[in-house]
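In: Quick one, fold the following:
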Amino acid sequence: AKLLLKDYKALYYTTKRHTQQDNRFRIMLPINYELQLDAKEYKEFMQNVIEGLPFEVDESCSHRCKKWLTHPGHYEYTDGEVFDVLPYIPKTSKNEERKKLLDDQQSLDNLERWVLNNTGDGNRNNMLLKYAMILVDGGFALDVVRTKLLDLNDKLPGKLEHSEIDGSIMITVAKRLQKP
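Out: Numbers count the residues shown, from 1 in each chain. I've put the predicted structure just below:
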């Protein structure tokens, strides 16, 4: 989560059920607008945000009663961009555009969709490296990482040459996999 959201301003903190074996934490993302939503709109808004995140999320975080729960566990703050809520606000044209994009990308999982939608000129190599490192952390073997990486790269506008991926990203992946 921290790797994928590293460009955002955020507060990460562990919950009281957090253990070394089962990492449980919350993420607070400051947003760029103050929203006045009723209970139904808030739930829909949170579902839209959850749907757009590139990792598994505890659905109970969309309950308004849990909005301010805290625990004196481990806290970590990152600085960066403020989260843009406009595409997630129910009944707006930006939300409709986001939903259409999701429909068009149904064959992708949330992580692939996140990488694809956050990749542009100048950051393709970096985003694909992040994707590859997440796959490595997920326990995938070198050949599987390469196949998934090349498949996702082929879906990018202005994709990287396979030789560029093999000559940079895959070397980093192989080195990471060799570390004990």
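
In: Which stretches in this structure count as helices?
Out: Taking DSSP state H as the criterion, the chain contains helices spanning 39-52, 93-104, 110-117, 124-137, 142-154, 162-164, 170-178.

In: Find the least confident helix or strand in this protein, judged by mean pLDDT.
Out: strand 25-28 (a mean of 88; mean pLDDT, DSSP states H and E).

In: about what we covered before: please convert the helices of the chain to TSV, extending it with mean neighbour count.
Out: Placement of C-beta: from N, CA and C, glycine included. Formatted as TSV, the helices of the chain follow (neighbours: other Cβ atoms under 10 Å):
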stretch	mean neighbour count
helix 39-52	15
helix 93-104	13
helix 110-117	19
helix 124-137	19
helix 142-154	16
helix 162-164	12
helix 170-178	13
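
In: okay if I get the ones you listed as JSON lines plus mean pLDDT and distance to Pro30?
Out: Putting those into JSON lines (pLDDT from 0 to 100; distance: least, Cβ to Cβ, whole Å) gives the following:
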{"stretch": "helix 39-52", "mean pLDDT": "92", "distance to Pro30": "13"}
{"stretch": "helix 93-104", "mean pLDDT": "92", "distance to Pro30": "19"}
{"stretch": "helix 110-117", "mean pLDDT": "90", "distance to Pro30": "19"}
{"stretch": "helix 124-137", "mean pLDDT": "93", "distance to Pro30": "22"}
{"stretch": "helix 142-154", "mean pLDDT": "96", "distance to Pro30": "30"}
{"stretch": "helix 162-164", "mean pLDDT": "94", "distance to Pro30": "36"}
{"stretch": "helix 170-178", "mean pLDDT": "94", "distance to Pro30": "32"}
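
In: Could you dump the ones you listed into CSV and include distance to Leu4?
Out: Below are those laid out as CSV (distance: least, Cβ to Cβ, whole Å):
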stretch, distance to Leu4
helix 39-52, 12
helix 93-104, 17
helix 110-117, 7
helix 124-137, 7
helix 142-154, 14
helix 162-164, 22
helix 170-178, 17
